[in-house]
Every structure is written in C-alpha cells, then in structure tokens.
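1. predicted structure and sequence below. I'll ask about it afterward.
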Amino acid sequence: MLYVQHWSFKAGYHQKGAEKFLGGGGDYPGVEMIGRYHAPGSLEGWIVLKTDDPKAIYQHAAEWGEFLNWETTPVFTDEEAGPLVAKVYS
C-alpha cells in the first residue's frame with residue numbers, strides 16, 4: 001500500500017531535528033521510501049512510502065514525535081482508483 005506523510009517541525013525543534021536527520025536518523029526501516037521532499041523556505045515536507053506494514057510507519061513517526069508533527073494518508077494510484085470509481089458509476 002502507498003502512503004503520503006506530511007511532516008512539519010514543531011516550534012523550537014528545527015535545529016535538534018535537523019541534527020538528528022543529518023546524523024543518519026532519516027532512515028525508514030521496514031518501509032520502501034519512494035521519495036522524500038522538502039519545501040524550500042519552510043519547515044515542512046512530504047514522504048511517499050510503500051509498505052504492507054503500517055506499524056513500521058507508526059513506529060518511525062513515534063521516533064520523530066519529539067520534533068515533528070505528522071499527517072499520514074493512505075493513497076491509491078490511478079490504476080488502483082480507476083476500477084473503484086468505475087464500480088460506483090457503473
């Protein structure tokens with residue numbers, strides 16, 4: 001399953017969070033990271049993930065919980081969503 005995570009730094013935690021990230025804390029065990037994207041000039045970004053184990057996503061978010069706010073959304077590709085939409089309107 002695919003997921004999109006939106007993250008943003010909590011007030012006052014940018015430097016500590018950046019140090020953790022630069023120190024190798026950005027790895028995402030148990031999950032295939034499709035891409036991680038940073039919004040220039042802001043303290044937020046997005047991660048696109050693929051996993052059959054959503055608990056791995058929860059664990060990673062918990063490990064970063066001191067520094068980041070998270071929103072995680074399961075998503076479908078066009079190929080996955082098309083047949084579902086077709087069922088509704090057929």
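-> On my side now, so go ahead.

2. surely Arg36 is in a strand?
-> Yes. When DSSP: H, G, I helix; E, B strand; the rest coil is applied, Arg36 is found to be in a strand.

3. show me what the closest residue to Ala39 other than its chain neighbours is bridged to.
-> Sequence neighbours aside, Gly45 is the residue nearest to Ala39 in space, at 5.6 Å (criterion: Cβ to Cβ, 6 or more residues apart in numbering). (Each C-beta comes from the backbone N, C-alpha and C, glycine too.) For Gly45, the beta-bridge partners under DSSP bridges are Trp7, His38.

4. report the contact partners of Gly45.
-> Listed by Cβ atoms under 8 Å, 6 or more residues apart in numbering, the contact set of Gly45 reads His6, Trp7, Arg36, Tyr37, His38, Ala39.

5. report the buried residues of the longest helix along the chain.
-> The residue-count maximum for a helix in the chain (DSSP state H) belongs to helix 78-89. Buried residues in helix 78-89, defined by neighbour count with 16 or more other Cβ atoms under 10 Å: none.

6. now do that helix: everything it contacts.
-> Outside helix 78-89, the residues that touch it by Cβ under 8 Å, 6+ apart are Phe76.

7. what do you get for stretch 1-14?
-> Stretch 1-14 has contacts (Cβ under 8 Å, 6+ apart) with 17, 34, 43-52, 54, 57, 61, 64, 66-77.

8. quick one: end-to-end length of that stretch, please.
-> Length of stretch 1-14, first residue to last, Cα to Cα, to the nearest Å: 30 Å.

9. before we move on, what about stretch 17-34?
-> By Cα to Cα, the extent of stretch 17-34 from end to end equals 21 Å.

10. and that stretch, what's buried?
-> Gly17, Lys20, Tyr28, Val31.

11. how far off centre is stretch 80-90?
-> Put simply, stretch 80-90 sits 26 Å off its chain's centre (Cα atoms, centre = their mean, to the nearest Å).

12. sorry, back to before: inside helices: which ones of the contacts of stretch 1-14?
-> Those of the contacts of stretch 1-14 lying in helices (DSSP H): Gly17, Pro54, Ile57, Ala61.

13. gap between the last one and Lys87?
-> With the distance defined as Cβ to Cβ, to the nearest Å, Ala61 ends up 32 Å from Lys87.
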